[in-house]
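> Here you go, sequence then predicted model.
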Amino acid sequence: QAIFSSRSKSIEGPTAHGRPDPIRLRMLGILLFSSLFAFSHGRERTNGRGAQFANEDPNSRFICEGLLADHAACQCNEAEGDVSCINAQFVDTSIFGSLGSYYKGLNRITFHGNNFQDLPSGSLFGSSASSYSNLDTLNISANYIVNLHSDALEGLRNLRTLDMSNNEIVLHEGDTGFLQHTPKLNDLMLRRAFTMTSNRSTQFDMMMKMFEKAKLEKLEVLDLSYNFLSSIPFDLPCPFPKLVRLDLRQNFLTNFAVNESCLANIRTIDLSRNQIHTLDAPFRQLASNLRDETLILKNSFYCDCKSADWIRWLRSTRVVREKGNLICDRASPSIYKGTRLVEVPIDKLDCSIDIWNDNSSSSLSFIVTVALVLIGLLQ
């Protein structure tokens, strides 16, 4: 410490004649210059790195490889195991087979808004199907798919979510094995997937065969909304012993009649925006065996002198979710039109107006229903 203190004083202090020592001043100058040089050099290096990061395109990390590299509509996040091509206008399903050359262990694949029409007779992923054994989610919605094939999903034994919404599927007898390769499905999304208005009974029969062959014992969510369904198979929920949510929104259902013994685990049945105008005795009996707040019933209800039983039941039950928002879309007398079902005075309802044959209201209701369907298709 004595040496250090002595040297510090000798450098800073004046000479014996009261003037600074030029040698010591030179040493101080060298030290100061070295410090300034090191500081400025460090700032240049830091600024250089900052400029490099600033000029880097943040989306460059998601540029795809292989055949997808030429399509700006495709993004690939290898770190997340995610490949997505939205509105890329692909027409050949062979594009799926090319993924295996560049990406292994993908978790999610999305091809939405293309024009495939026909799925291949073999695996969608061709010879590389074994590379997708751990694929969790496959979204092939809005691709104008018409024809399925029983082996198109071969190799996807661990798939949990399959979204085939917004397609034009027409089932054939040879397609009924389509889902047998995906026994671990949890979510099956078929929103507006079937648009055939003819041969409904035949299509229903084949759809049920497809569900039964698949043995989807782990399926929890089935979405059949926006499919123009005027009825559904009685045993629709039966192939799915763990079904939790059944979505039948925006169809043309006038009632809901299914095998209630197959609803053991159901927690949500969405019947919104159908053509259910009253709740008959068989419906009320089925509903009374469901859990609290299972049913979503946002429909156009008709209230007249014959509505007392089902309105009283609605008020007393706890199975209908948000029942306080349900109203009389038509009423006799008409002064109660728009009144909430939980408040309408039952003893004042009459049948002076034939609300079931009001053609003007029927036309308006039909127009509104079609408009809602079209809006749903555009979403």
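In hand now; what should we look at? These numbers come from a predicted model, not from an experiment.

> so where is the stretch 251-379 of the chain shaky, pLDDT-wise?
359-379 (pLDDT under 70).

> State whether Val170 is indeed within a helix.
No - counting by DSSP: H, G, I helix; E, B strand; the rest coil, Val170 is located in no helix; its state is coil.

> mind listing what it touches?
Val170 sits next to 146-147, 194, 196, 203 when contact means C-beta atoms under 8 Å, 6 or more residues apart in numbering. The C-beta positions use only the backbone N, C-alpha and C, and glycine is treated the same way.

> OK, contacts around Thr254?
Thr254 is in contact with 230, 274-277, counting by C-beta under 8 Å, 6+ apart.

> returning to what we had before: dump the contacts of Val170 to TSV, plus distance to Asp270 and pLDDT.
Listed next are those as TSV, based on distance: C-beta to C-beta, whole Å; pLDDT from 0 to 100:
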residue	distance to Asp270	pLDDT
Val146	27	95
Asn147	29	94
Phe194	18	89
Met196	23	67
Gln203	22	87
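
> Throw together a PyMOL command that grabs the buried residues out of those.
Per 16 or more other C-beta atoms under 10 Å, the buried members of these correspond to this PyMOL selection:
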select buried, resi 147+194+203
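
> Adding distance to Phe116, write the contacts of Val170 out as CSV.
Converted to CSV, the contacts of Val170 look like this (distance: C-beta to C-beta, whole Å):
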residue, distance to Phe116
Val146, 9
Asn147, 10
Phe194, 17
Met196, 18
Gln203, 20
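
> Tell me the one of the contacts of Thr254 nearest Lys242?
Among those, Asn274 lies closest to Lys242 (C-beta to C-beta), at 25.0 Å.

> Identify the residue nearest the closest one in space, chain neighbours excluded?
Using C-beta to C-beta, 6 or more residues apart in numbering and skipping residues adjacent in sequence, the residue nearest Asn274 is Leu253, 4.1 Å away.

> What of Asn251?
Spatial nearest neighbour of Asn251, excluding adjacent residues (C-beta to C-beta, 6+ apart): Leu229 at 4.1 Å.

> Equivalent analysis for Leu148, please.
Using C-beta to C-beta, 6+ apart, the nearest residue to Leu148 is Asp175, at 4.3 Å.

> and what of Asn77?
Once flanking residues are discounted, Asn77 sits nearest to Phe62: 5.5 Å by C-beta to C-beta, 6+ apart.

> now that neighbour: how far from Pro241?
From Phe62 over to Pro241 the distance is 40 Å, taken as C-beta to C-beta, to the nearest Å.

> ok, those two, which is more surrounded?
Higher neighbour count among Phe62 and Pro241: Phe62, with 17 against 13, using other C-beta atoms under 10 Å.

> Go ahead and confirm that one touches Cys76.
Yes - between Phe62 and Cys76 there is a contact at 6.0 Å, judged by C-beta atoms under 8 Å.

> returning to that earlier point: how many other residues sit next to the residue nearest to Leu148?
Neighbours of Asp175 under the rule other C-beta under 10 Å: 20.

> Show the backbone phi and psi for it.
phi -100, psi 0 (degrees, to the nearest 10).

> wait, what's in contact with it?
Contact partners of Asp175, counting by C-beta under 8 Å, 6+ apart, are 147-150, 206, 210.

> Sitting in helices, which of the residues you listed do you find?
206, 210 (DSSP state H).

> And the contacts of Asp175, which is closest to Ala331?
Met206 (42.0 Å).

> Contacts only, for that closest one.
For Met206, the contact set (C-beta under 8 Å, 6+ apart) comprises 171-173, 175-176.

> now, among those residues, which is nearest to Asn357?
For those, the nearest to Asn357 is Leu171 (36.6 Å; C-beta to C-beta).

> what's around that closest one, how many residues?
By the criterion of other C-beta under 10 Å, Leu171 has 21 neighbours.

> you'd agree it is up against Met210?
Yes - using C-beta under 8 Å, Leu171 makes contact with Met210 at a distance of 6.8 Å.

> dump the residue contacts of the closest residue to Lys209 other than its chain neighbours.
Leaving aside its sequence neighbours, Lys209 sits nearest to Thr176 (C-beta to C-beta, 6+ apart; 4.3 Å). Thr176 sits next to 150, 206, 209-210, 213 when contact means C-beta under 8 Å, 6+ apart.

> measure Thr176 to Met210 for me?
On the measure of C-beta to C-beta, Thr176 and Met210 end up 5 Å apart.

> same deal with Asp292?
In this view, Asp292 and Met210 are 33 Å apart by C-beta to C-beta.

> Tell me which of these two has more neighbours.
Met210 (20 against 11).

> Give me the distance between the more buried one and Glu168.
Met210 is 16 Å from Glu168, by C-beta to C-beta.

> just the strands in this protein please.
For the chain, applying DSSP state E gives strands covering 74-77, 82-86, 108-112, 137-139, 161-163, 187-189, 221-223, 245-247, 268-270, 295-296, 301-303, 320-321, 328-331.

> looking at these, which is closest to Gly66?
Of all the strands of the chain, strand 74-77 comes closest under C-beta to C-beta, at 9.3 Å.

> Mind listing the strands that closest one pairs with, and their directions?
Using DSSP bridges, strand 74-77 pairs in its sheet with strand 82-86 (antiparallel).

> what comes up buried for the strand it pairs with?
Taking 16+ other C-beta under 10 Å as the criterion, strand 82-86 shows 82-85 as buried.
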